[in-house]
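1. Model the following, please.
(chains A and B)
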Amino acid sequence: MKKLVEAKNLEVKFKLPNNKFVHALNGVDIEINENETLGLIGESGSGKSTLGKTLLGLIKYSGNIDIFQNELKLDDKSLIRSIRKDIGVVFQEPFLSLNPRMKIKNILSEPLLIHSPDISKDEIREKINQSVKNVFLDIDYLEKYPSQLSGGEQQRIGIARAIINSPKLVILDEPTSSLDLSVRNEILKLLKNLQTELGLTYLFISHDIHTIKNISDRTAVMYLGSIMELGRTEEVIESPVHPYTKALLSSVLSPNPNDKKIQIKLKGEIPKITALPSGCLFSSRCPNPTKDCEQGTTARGLIEVHDEHFADRCCVNCK
Amino acid sequence: MNKFDKEVILDIRDLSVNYNSSGNKISAVKKVSLSLEKNKMLGIIGETGSGKSSLIRAVNGLIKHPGTTSFDKLEILSKIGSNNNFDFSEMRGSEIGFIPQNPFGSLNPVYKIKKQFNFVNKRHQLFGKKEMGSEIIRSLAEVGIADPERVSNSYSFELSGGMAQRVVIALSCFAKPKLLFADEPTTGLDVTVERQLLDNFFTLVNNNDMTLIIVTHDLGIVAQYCDEAVVMFKGSIVERGSVEEIFLNPQDDYTKKLIEASSEEIS
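-> Next comes the predicted model:
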């Protein structure tokens, strides 16, 4: 299996005006394999989007990122540019990520012009025609403005734009969370089709477990800027080992009235991301913390619990 | 069963809501009739633009010009309005309560939370000055706030989304309304927070003998917490029934599609 991305010990901090730091990522190790969908799930502020942006080279980080066999260096502008050609991004709010004053054809030709300035007009036409066909829209849509499209259609354009340069990796940051149920499923089907047809690799960010279950091959559960559990999606969802994953899954409300789940409640709230708990990141919520958690004597990072199923080293010892 | 055994708390006949935007008339709610018995929890589900929010806003008299509300009959807690007239002013707060979607949009950022409870008290004359302090704390604790003392002395912007929504629920229930409306009360909250808030909220509604109408696009909330469900599509009610009927044995085609979409496996 070819690795497209290999990130080690990623840390991202943002400085606030009051000299405190937002600890957005705290030691993330992650690999993305070619042609897979890696799901990132977690609650607000868990660092899912920050991780996506860091891989795009948009944020200063410490640690190490190998992407498409190159080491990501933020000051190497030409490297960044070539990496970005190979990464497509789809955003959460389809309307807000499309320029309202540009026609769809201009929205779609912009990434082509940026990454291949010498491209001919015929080639552009051919590529944008093909890209609207890929997302099952009519050629007539090219002459429209984003406001003339429904939310689902706008997101299709968002996807068409992301894949127009034939990227190796597509980062999908909550692409379906602002869409209605039926539209959401259409978009997920479309993404699956495109993946098989074009051999794409996805990093799929979502807070919705149902969506992640449907689309991801592997899933990483994030909490306070760190990965708590990682493994094949069925395994993480059917037999979670980390207490946070268990609590998260038990909170999801089933649309079947006979399927009553009792929520596993964690004590307290998610700590402020400006004041991380000392010791293990999960220590303030852990159901049975040991001395090790509070003092943080166990090294951070993941440990393999089953075949290709990883969980936080400290929390595995607690349960 | 004798029909007089049940107390009807809300009865709507042929209610419509229209919006006029630059010459275009949009019918958001089309001649909807609905009635509800006391102590029931009713969930209204539907997708964007189905008219679910417009319906409950109209029942609270919250549709503003250039939108218009019309109905043949509106009966809330045995107060009857007809010919499109209903006087809400004496009912708000003490008889009917409304919980909007975005808590920060309904809390005043320049007053501390306790002050906003005082406004409710002033309007409804519920408690004396001496009791107010402990009543605020009690009411905040009732919605599951662990440190009510701190929250009552905070401004809304100092609170997390989940906390702020709890405060809004406490405020809406402070004057003990008998019929409560909630418009997507947990949208935008994280699942673990949402679940705890809903547990607290539904316990509060039960303990205080309230009747609830909740509007949501989250089928899980209705399936797990409500007694009855109404499905809306393009401004009309397409199906109504007990939660078991709607979720386990839907009859209408649109309802079937909606329920399927919520549990569909995509391959």
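2. Smallest gap between chain A and chain B, at which residue?
-> Residue nearest to chain B within chain A: A:Leu253 (2.9 Å; Cβ to the nearest Cβ). (Each C-beta comes from the backbone N, C-alpha and C, glycine too.)
3. list the contacts for B:Met163?
-> B:145, B:151 (Cβ atoms under 8 Å, 6 or more residues apart in numbering or on different chains).
4. Helix or strand: which one has it?
-> Assigned by DSSP states H and E, B:Met163 belongs to helix B:161-173.
5. So which bits of the stretch 1-150 of chain A are right by chain B?
-> With Cβ under 8 Å from any Cβ of the partner chain as the criterion, the stretch 1-150 of chain A comes near chain B at residues A:43-44.
6. now the strands for the stretch 1-150 of chain A?
-> For the stretch 1-150 of chain A, the strands defined by DSSP state E, counting those that start in this stretch cover A:3-15, A:21-33, A:37-42, A:62-67, A:70-71, A:87-90.
7. and the shortest one, average pLDDT?
-> Okay, so that is strand A:70-71. The average pLDDT for strand A:70-71 rounds to 92.
8. so how far is A:His23 from A:Leu230?
-> 20 Å (Cβ to Cβ, to the nearest Å).
9. Now do residue 4, the pLDDT please.
-> With no chain named, the answer covers chain A. 95.
10. not what I meant, chain B
-> B:Phe4 is given a pLDDT of 52.
11. Mind checking which of A:Leu230 and A:His23 has more residues around it?
-> A:Leu230 (25 against 20; other Cβ atoms under 10 Å in any protein chain shown).
12. Tell me who's in contact with B:Arg57.
-> B:17, B:63, B:183.
13. and if we set it to 6 Å?
-> Listed by Cβ atoms under 6 Å, 6 or more residues apart in numbering or on different chains, the contact partners of B:Arg57 are B:Ile63.
14. wait, is it part of a helix?
-> Yes. Counting by DSSP: H, G, I helix; E, B strand; the rest coil, B:Arg57 is located in a helix.
15. What segments of the stretch 101-250 of chain A are helices?
-> A:104-115, A:121-134, A:151-163, A:181-198, A:209-215, A:233-238, A:243-250 (DSSP state H, counting those that start in this stretch).
16. could I get these as JSON lines with mean neighbour count and mean pLDDT?
-> Shown next, in JSON lines, are the helices of the stretch 101-250 of chain A (neighbours: other Cβ atoms under 10 Å in any protein chain shown; pLDDT from 0 to 100):
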{"stretch": "helix A:104-115", "mean neighbour count": "18", "mean pLDDT": "96"}
{"stretch": "helix A:121-134", "mean neighbour count": "15", "mean pLDDT": "95"}
{"stretch": "helix A:151-163", "mean neighbour count": "22", "mean pLDDT": "95"}
{"stretch": "helix A:181-198", "mean neighbour count": "18", "mean pLDDT": "93"}
{"stretch": "helix A:209-215", "mean neighbour count": "22", "mean pLDDT": "93"}
{"stretch": "helix A:233-238", "mean neighbour count": "18", "mean pLDDT": "95"}
{"stretch": "helix A:243-250", "mean neighbour count": "21", "mean pLDDT": "94"}
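17. and the strands of the stretch 1-150 of chain A, which is most packed in?
-> Burial of the strands of the stretch 1-150 of chain A is given as mean neighbour count (mean count of other Cβ atoms under 10 Å in any protein chain shown); strand A:37-42 ranks first at a mean of 26.
18. which secondary structure elements does that strand contact?
-> strand A:201-206, helix A:209-215, strand A:218-223 (3 or more Cβ pairs under 6 Å, 6 or more residues apart in numbering or on different chains; DSSP states H and E).
19. Quick one: the ones you listed as a markdown table, columns for distance to A:Glu31 too.
-> Formatted as a markdown table, the helices and strands packed on strand A:37-42 follow (distance: least, Cβ to Cβ, whole Å):
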| stretch | distance to A:Glu31 |
| --- | --- |
| strand A:201-206 | 11 |
| helix A:209-215 | 18 |
| strand A:218-223 | 9 |
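20. ok, B:Ser82 touching B:Glu75?
-> No. If you go by Cβ atoms under 6 Å, B:Ser82 and B:Glu75 don't touch, sitting 9.0 Å apart.
21. what ranges of chain B fall below the confidence cut-off?
-> Applying pLDDT under 70 to chain B flags the ranges B:1-5, B:267.
22. where does the residue of chain A closest to chain B land on pLDDT?
-> 92.
23. That one against B:Gly220, yeah?
-> Yes. If you go by Cβ under 6 Å, A:Leu253 and B:Gly220 touch, sitting 2.9 Å apart.
24. what about B:Arg150, which SS state?
-> helix.
25. and the residue of chain B nearest chain A?
-> Residue nearest to chain A within chain B: B:Gly220 (2.9 Å; Cβ to the nearest Cβ).
26. What about that residue, how many residues nearby?
-> The burial count assigned to B:Gly220 is 22, neighbours taken as other Cβ under 10 Å.
27. Verify the stated contact: it with A:Val252.
-> No. Taking Cβ under 6 Å as the definition, B:Gly220 is not a contact partner of A:Val252, at 7.0 Å.
28. Run through who's touching stretch A:98-117.
-> For stretch A:98-117, contacts defined as Cβ under 6 Å, 6+ apart pick out A:85, A:119, A:124, A:128, A:131, A:141-142, A:144, A:146-147, A:157, A:161, A:164-165.
29. Tell me which two in those are the farthest apart.
-> Spatially, the most separated pair among these is A:Lys85 and A:Ser147, at 29.0 Å (Cβ to Cβ).
30. which of the two has more neighbours?
-> A:Lys85 (16 against 10).
31. residues touching the residue of chain A closest to chain B, list them.
-> Shown in contact with A:Leu253 (Cβ under 6 Å, 6+ apart): B:220-221, B:224.
32. ok now do residue 93, which residues does it touch?
-> Let's take chain A. Counting by Cβ under 6 Å, 6+ apart, A:Glu93 makes contact with A:Ser178.
33. oops, chain B please
-> So B:Gly93 contacts B:124, B:175 (Cβ under 6 Å, 6+ apart).
34. again, only this time at 7 Å
-> B:120, B:123-124, B:175, B:177 (Cβ atoms under 7 Å, 6 or more residues apart in numbering or on different chains).
35. repeat for A:Leu56
-> Contacts of A:Leu56 (Cβ under 7 Å, 6+ apart): A:84, A:87, A:89, A:171.
36. B:Val193 too?
-> B:Gly162.
37. So for the host helix or strand of it, what gets flagged as buried?
-> Following DSSP H and E, one finds B:Val193 within helix B:191-207. For helix B:191-207, burial by neighbour count (16 or more other Cβ atoms under 10 Å in any protein chain shown) applies to B:191-198, B:200-202, B:204-205.
38. what's the following helix or strand after that helix?
-> Counting by DSSP H and E, the next helix or strand C-terminal to helix B:191-207 is strand B:211-216.
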